[in-house]
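Colleague: here is my input; please provide its structure:
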Amino acid sequence: MPRATTTSDVFNAVAETKRREILSFLVGSERSVGDIVDALSLGQPSVSKHLKVLHEVGLVTRRRDGRRILYSVDAEAIRPLHEWTETFRRHWRHQLDRIKQRAENRPSSERKDE
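Modeller: Below is the predicted model:
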């Protein structure tokens, strides 16, 4: 089965490290392309291409402010990512709780080397 293009799927879009960095930088405030370029030390053409992909999958919104375009994270569009990763967080919390429980239930003679 062929992989979906990065412009059609939120999960594929965030598979790229630089796009995740851009999303993290945009959390909490609007930023221009120039702000992103300066903060992340990336080339302007690269930032523009990544923002285009993020915008096409709906993870960022943009608005014009004079000659500048300001980008911000669309928190609602990130919800599917959050819900998917939450499944794994619950799994690992359960696994860690089980390990802790086993360690606490070991007889003290088995814990001598600690």
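Colleague: pLDDT weak spots in the protein?
Modeller: 1-8, 107-114 (pLDDT under 70).
Colleague: switch the cut-off to 80
Modeller: 1-8, 90-91, 106-114 (pLDDT under 80).
Colleague: which one's the longest helix in it?
Modeller: helix 75-104 (DSSP state H).
Colleague: for the residue nearest the centre of the chain, what are its contacts?
Modeller: Centroid-nearest residue in the chain: Arg20, 4.9 Å away (criterion: Cα atoms, centre = their mean). Arg20 is in contact with Val14, counting by Cβ atoms under 8 Å, 6 or more residues apart in numbering. For every residue, glycine as well, the C-beta is placed using N, CA and C.
Colleague: where's it, which helix or strand?
Modeller: helix 17-26 (DSSP states H and E).
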